[in-house]
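Show me how the following folds:
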Amino acid sequence: MPKSYKRDRKSKAKLSSKTAQIKRKKGQAKKKKQGPASCKAIAANWDPKKTARDNMASMGLVYDRNAAIPLPKNALQAELEVERLSTALAKGSVKQQKAGVIQDLESAAQAIADKYKSQERNYRLLPRDIEFCSEMIRRHGTDYAAMAKDHLNLYQETPKQIQRKLATFKRCPAYKETLAAAKAAAGGDAMEE
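Just a heads-up that it's a prediction; the model follows:
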């Protein structure tokens, strides 16, 4: 009698899923033991012998934000919550020796925010889009409905799409060059709004 191939496939699948499950559990245990590696301030003060909740509490951080500040049910409870929080802040219940962790986190977040604010985005458009935008401004000014009906609008863009494209065009360096060239050629404000 011939051998059943289906039976053999099932046993192999069970075995491979079992090993995958074991590997996954080992990886999770390893991650839990190491603690968070994404933030240097927390990783430096992390104690692998403590639980995550205890580590966060020793640093003066909240493990479960929903338990720390639950949503108030009504206005009376909201007032009580505000009073309770104000008294807790007045006491200064955060441990002073671990307050440096919070300051490190805040300074790191501020540094990242400053970095992104200081970076100026460089807008680039395709040459055909630059040509299209400059011609539309020259012909129609700010009349986006007329631009949508123009025969140069090959991709049949709507007035809103053209408006967004022109806003991007005005932020790119090519707009300044086109504006300067138009002023030099016309001697006036041909492309200004």
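
domains of the chain?
35-117, 127-186 (automatic domain parsing).

Low-confidence stretches in the chain?
For the chain, the stretches flagged by pLDDT under 70 are 1-16, 32-37, 70-72, 91-99, 187-193.

repeat that with 50
190-191, 193 (pLDDT under 50).

for it, what spans make up the helices?
5-34, 40-44, 52-59, 65-68, 75-91, 99-118, 127-140, 144-149, 159-171, 173-186 (DSSP state H).

And E131, how far from A184?
Look at E131 and A184: by Cβ to Cβ, to the nearest Å, they are 18 Å apart. C-beta: built from backbone N, CA, C; applies to glycine.

Who has more neighbours out of the two?
A count of neighbours by other Cβ atoms under 10 Å puts E131 above the other of E131 and A184, at 14 against 8.

The more buried one and S58: what is the separation?
63 Å.

ok, and what's touching stretch 64-84?
R53, V62, L85 (Cβ atoms under 8 Å, 6 or more residues apart in numbering).

Pull out the buried residues from the residues you listed.
The neighbour-count test (16 or more other Cβ atoms under 10 Å) marks none of the contacts of stretch 64-84 as buried.

With distance to L154 added, can I get these in TSV?
As requested, the contacts of stretch 64-84 are arranged in TSV below (distance: Cβ to Cβ, whole Å):
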residue	distance to L154
R53	61
V62	56
L85	60
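
Tell me the one of those nearest E135?
V62 (57.3 Å; Cβ to Cβ).

dump the residue contacts of the closest residue to A52 other than its chain neighbours.
Leaving aside its chain neighbours, A52 sits nearest to Y63 (6.5 Å; criterion: Cβ to Cβ, 6 or more residues apart in numbering). The contact partners of Y63, by Cβ under 8 Å, 6+ apart, come to A52, R53, M56, A57.

For ChimeraX, write the selection for the buried entries among those residues.
The following ChimeraX line selects those of the contacts of Y63 that are buried, judged by 16+ other Cβ under 10 Å:
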select :56
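
neighbours of P48, just the number please.
Neighbours of P48 (other Cβ under 10 Å): 9.

And it, how far from K26?
With Cβ to Cβ as the criterion, P48 and K26 are 16 Å apart.

Then A90?
Counting by Cβ to Cβ, the gap from A90 to K26 is 47 Å.

Pull the number of nearby residues for C39.
Neighbours around C39, by other Cβ under 10 Å: 16.

my read: Y144 touches R164, true?
No. Using Cβ atoms under 8 Å as the test, Y144 is too far from R164 to be in contact (9.9 Å).

Of those two, give the one with the bigger neighbour count.
Taking neighbours as other Cβ under 10 Å, Y144 and R164 compare with Y144 leading, 18 against 13.

Nearest spatial neighbour of the more buried one, chain-adjacent residues omitted?
Per Cβ to Cβ, 6+ apart, closest to Y144 is P159, 3.7 Å.
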